[in-house]
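1. Fold the stuff below for me.
(4 chains)
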Protein chains: 2
Amino acid sequence: MRPNKRDELVRKALQVFYRDGFHATGMDRLVVETGVSKTSMYKHFRTKEELILAVLRLRDENFRNWFVRRIEELADTPADQLLAAFDALGEWFREDNFRGCMFIKAGAEYQDPDHPIHVQAGEHKRLLLEYFTDLCRKAGARDPDKLACQLLLLKEGAIVTAVLLHSCDPARDAKEAAQVLLQNALA
Amino acid sequence: MRPNKRDELVRKALQVFYRDGFHATGMDRLVVETGVSKTSMYKHFRTKEELILAVLRLRDENFRNWFVRRIEELADTPADQLLAAFDALGEWFREDNFRGCMFIKAGAEYQDPDHPIHVQAGEHKRLLLEYFTDLCRKAGARDPDKLACQLLLLKEGAIVTAVLLHSCDPARDAKEAAQVLLQNALA
DNA sequence: TCCTTTGCGTACAGATCAGTACATAATGCC
DNA sequence: GGCATTATGTACTGATCTGTACGCAAAGGA
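-> Numbering: from 1, shown residues only, chains lettered A, B, ... in the order given. The predicted structure follows:
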């Protein structure tokens, strides 16, 4: 029971869940795709829910790391970084295997607000909101909390719309909207 | 096989699917909850997918009717109506059984872009976008298509955020953002 | 070499999935 | 009333779901 074996399982499960959804992906399929035996799978994760929670933790880490790093590559000042966030989004939308936000989907499949999976999905959004708020404060916005929330709305809306309309334009439109909001919040 | 019996089944199925999700709701449970026999159910709908598509059609009709009507009750001029849309959203968020947007959830559970359910979910958003575009044009916006898309982003983002953060504030924040964008597009 | 412990694969349990076969009950027509 | 058609309820199919029981093989200690 090597500890990195567990990580490998989580990585693989992440791909499959992201592509096909949670309810639609059975443990049997995961067992086949990872090549591990069912007993081993259930040694590492006592239930499917526990596996999903581990997957969401990894996804949260991966996504936020990538997002923040990419933004810092694209821009220097906090204000520019807030706008660059939407360029990063656009890059994400253009990836071949883009399938929307895993946390929105998790919240959609596990709707009970008290369900651990739903709670964890909300936590991801809260952390992103914190990041935005921090940038808004550094940029000198009049009401950093409000502006951050508005930019988050644009981000989430862009993701959902990109998925359902199969278009990458939402990233561009969201960026222009963010520009207007930012200008308004700084003046 | 009364024709209104079918509508009744769709109405009931809508409630259950909306509350519990598509994959998580089996035909057996629907049969029990509607009180109809399984044979009758499959006489009206040849497959589960066909039932879901009928449910989405009804939901699209219900939601857009309610949305447009409520907006017209709340405001008179096109510009005010665009803002009132977010007040209507806020009322929706406050409903006890608010569980987010059924079409976002449908798109999340049926991710294949060619899947009929995914396509139909996208169609709903397209129709909403058309409605917004029409209002933007009437309001005299400089670029009605762009503004409409941006307002749609705010709406979708507000829904997703309201669900995951269990808060109704997104409606308020979205409205204020819409106000700024609208002002900017008219000036 | 023998014994114990640990890890893994297979086969299975019981529930539930979508969908159907078939018998019975209700209805329309003459 | 007698007959054909249609609607319905039950019981079932084979597949798949999450999770487990058990047998075997490898490894470690004396």
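2. contacts, neighbours, all on C-alpha from now
-> Will do.
3. and the longest helix seen in chain A with DNA strand C, contact?
-> Across chain A, the longest stretch assigned as helix under DSSP state H is helix A:48-74. No: shown here: helix A:48-74 not in contact with DNA strand C (Cα under 7 Å from any atom of the strand), separated by at least 13.0 Å.
4. Tell me which residues of that helix come out buried.
-> For helix A:48-74, burial by neighbour count (16 or more other Cα atoms under 10 Å in any protein chain shown) applies to A:51-56, A:59-60, A:67-68, A:70-72, A:74.
5. could you redo these as a markdown table and give each row distance to B:P144?
-> Shown next, in a markdown table, are the buried residues of helix A:48-74 (distance: Cα to Cα, whole Å):
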| residue | distance to B:P144 |
| --- | --- |
| A:L51 | 46 |
| A:I52 | 42 |
| A:L53 | 42 |
| A:A54 | 44 |
| A:V55 | 41 |
| A:L56 | 38 |
| A:R59 | 37 |
| A:D60 | 36 |
| A:F67 | 31 |
| A:V68 | 33 |
| A:R70 | 32 |
| A:I71 | 30 |
| A:E72 | 33 |
| A:L74 | 30 |
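6. Which strands and helices lie in contact with the longest helix of chain A?
-> Contacting helix A:48-74 under the criterion 3 or more Cα pairs under 8 Å, 6 or more residues apart in numbering or on different chains; DSSP states H and E are the following elements: helix A:3-20, helix A:78-94, helix A:102-109, helix A:116-139.
7. Rounded mean pLDDT for that helix, please.
-> For helix A:48-74, mean pLDDT is 97.
8. and the buried residues of helix A:48-74 near DNA strand D, which?
-> Okay, of the buried residues of helix A:48-74, nothing touches DNA strand D (Cα under 7 Å from any atom of the strand).
9. quick one: low-confidence ranges for chain A?
-> A:1-3, A:168 (pLDDT under 70).
10. Taking it, what residue is nearest to DNA strand C?
-> DNA strand C sits closest to A:S37 of chain A, with a gap of 3.2 Å, by Cα to the nearest atom of the strand.
11. residues contacting A:A121?
-> A:L56, A:F103, A:I104, A:A106, A:G107, B:L164 (Cα atoms under 8 Å, 6 or more residues apart in numbering or on different chains).
12. Ok, A:F22 next?
-> Counting by Cα under 8 Å, 6+ apart, A:F22 has contacts A:I52, A:A106, A:E109.
13. go on, A:L30?
-> Contact analysis of A:L30 by Cα under 8 Å, 6+ apart lists A:A13, A:V16.
14. which ones are touching the residue of chain A closest to DNA strand C?
-> Contacts of A:S37 (Cα under 8 Å, 6+ apart): A:V31.
15. swap in A:G157?
-> Counting by Cα under 8 Å, 6+ apart, A:G157 touches B:L152, B:L153, B:L154, B:K155, B:E156, B:G157, B:A158, B:V160.
16. Sticking with it, tell me its helix or strand.
-> Secondary-structure assignment from DSSP states H and E places A:G157 in helix A:144-165.
17. now the angle between helix A:116-139 and that helix, please.
-> Computed by axes from the mean of the first three to the mean of the last three Cα atoms, to 10 degrees, the angle separating helix A:144-165 from helix A:116-139 equals 130 degrees.
18. The helix or strand immediately after helix A:144-165 in the chain: which residues count as buried?
-> Toward the C-terminus, helix A:144-165 is succeeded by helix A:169-186 as the next helix or strand (DSSP H and E). By neighbour count on 16+ other Cα under 10 Å, the buried set for helix A:169-186 is A:169-182, A:184-185.
19. and helix A:169-186, how far from the chain's centre?
-> 20 Å (Cα atoms, centre = their mean, to the nearest Å).
20. If we only consider the buried residues of helix A:169-186, which is nearest to B:A85?
-> A:A177 (17.8 Å; Cα to Cα).
21. Would you mind listing the two of the contacts of A:A121 that lie farthest apart?
-> Longest span within these, Cα to Cα: A:L56 and B:L164, 14.4 Å.
22. of all the buried residues of helix A:169-186, which two lie farthest apart?
-> The farthest-apart pair in the buried residues of helix A:169-186, when distances are taken by Cα to Cα, is A:D169 and A:A185, at 24.3 Å.
23. picking up where we left off before, out of the helices and strands packed on helix A:48-74, which one sits most buried?
-> Among the helices and strands packed on helix A:48-74, ranked by average contacts under mean count of other Cα atoms under 10 Å in any protein chain shown, first place goes to helix A:102-109 (a mean of 24).
24. For that helix, list the C-alpha coordinates in PDB.
-> Extracted as PDB, the C-alpha positions of helix A:102-109 are listed here (Å, rounded to 0.1, in the frame of the first residue of the first chain):
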ATOM      1  CA  MET A 102     -15.600  20.300 -11.800                       C
ATOM      2  CA  PHE A 103     -17.000  22.000  -8.700                       C
ATOM      3  CA  ILE A 104     -20.100  23.400 -10.400                       C
ATOM      4  CA  LYS A 105     -20.700  19.900 -11.600                       C
ATOM      5  CA  ALA A 106     -20.100  18.400  -8.200                       C
ATOM      6  CA  GLY A 107     -22.600  20.900  -6.700                       C
ATOM      7  CA  ALA A 108     -25.000  20.000  -9.400                       C
ATOM      8  CA  GLU A 109     -24.800  16.300  -8.800                       C
END
